[in-house]
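Undergrad: Got a sequence here, can you model it:
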Amino acid sequence: LAETPQQIRQAYAAEAMASDKAFTPSAKRGENLFRQRFAINDKMPSCTACHTDNPATTGKHVITGKDIKPLAVQANADRFTDPAKVEKWFGRNCKEVVGRACTPGEKADFVAYASEAR
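TA: Below is the predicted model of the structure:
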């Protein structure tokens with residue numbers, strides 16, 4: 001059963017609130033994570049390496065060359081609608097780009113940003 005990006009964001013926010021009662025998802029923090037450069041992987045130093053600077057456009061995986069549908073919910077209605085798929089990609093991409101698992105708060109922030117990006 002498909003969920004909405006808002007439901008997925010709220011699930012991550014609820015997880016984050018378990019350790020920080022004042023947590024509120026922030027699209028600005030999500031954008032900062034999206035644009036931040038990490039020193040862990042030379043080929044994929046940031047999300048923008050594959051997803052481009054504009055999350056509303058089609059990206060391309062820097063290693064495989066495979067097209068990646070836009071991250072922005074406005075440009076890709078299927079984005080952030082399958083919790084298992086969302087968690088799978090956060091797991092893979094956070095480890096490859098950030099160098100660690102992303103926190104529930106970071107995930108909530110990222111979904112907030114992708115939901116507002118145009």
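Undergrad: shaky segments in the chain?
TA: For the chain, residues meeting the criterion pLDDT under 70 lie at 1-2.
Undergrad: Recalculate using a threshold of 80.
TA: Counting by pLDDT under 80, the ranges of the chain that qualify are 1-2, 41.
Undergrad: Let me see the ranges of the strands in it.
TA: 59-60, 67-68 (DSSP state E).
Undergrad: Next, format those strands as JSON lines and append mean neighbour count and distance to residue 81.
TA: (C-beta placed from N, C-alpha, C; glycine too.) Compiled in JSON lines, the strands of the chain are given as follows (neighbours: other C-beta atoms under 10 Å; distance: least, C-beta to C-beta, whole Å):
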{"stretch": "strand 59-60", "mean neighbour count": "17", "distance to residue 81": "18"}
{"stretch": "strand 67-68", "mean neighbour count": "12", "distance to residue 81": "16"}
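Undergrad: Please name whichever of the ones you listed is nearest to residue 39.
TA: Smallest distance to residue 39 across the strands of the chain (C-beta to C-beta): 21.3 Å, for strand 59-60.
Undergrad: What helices and strands are in contact with that closest one?
TA: Packing contacts for strand 59-60, counted by 3 or more C-beta pairs under 8 Å, 6 or more residues apart in numbering; DSSP states H and E, involve helix 48-51, strand 67-68.
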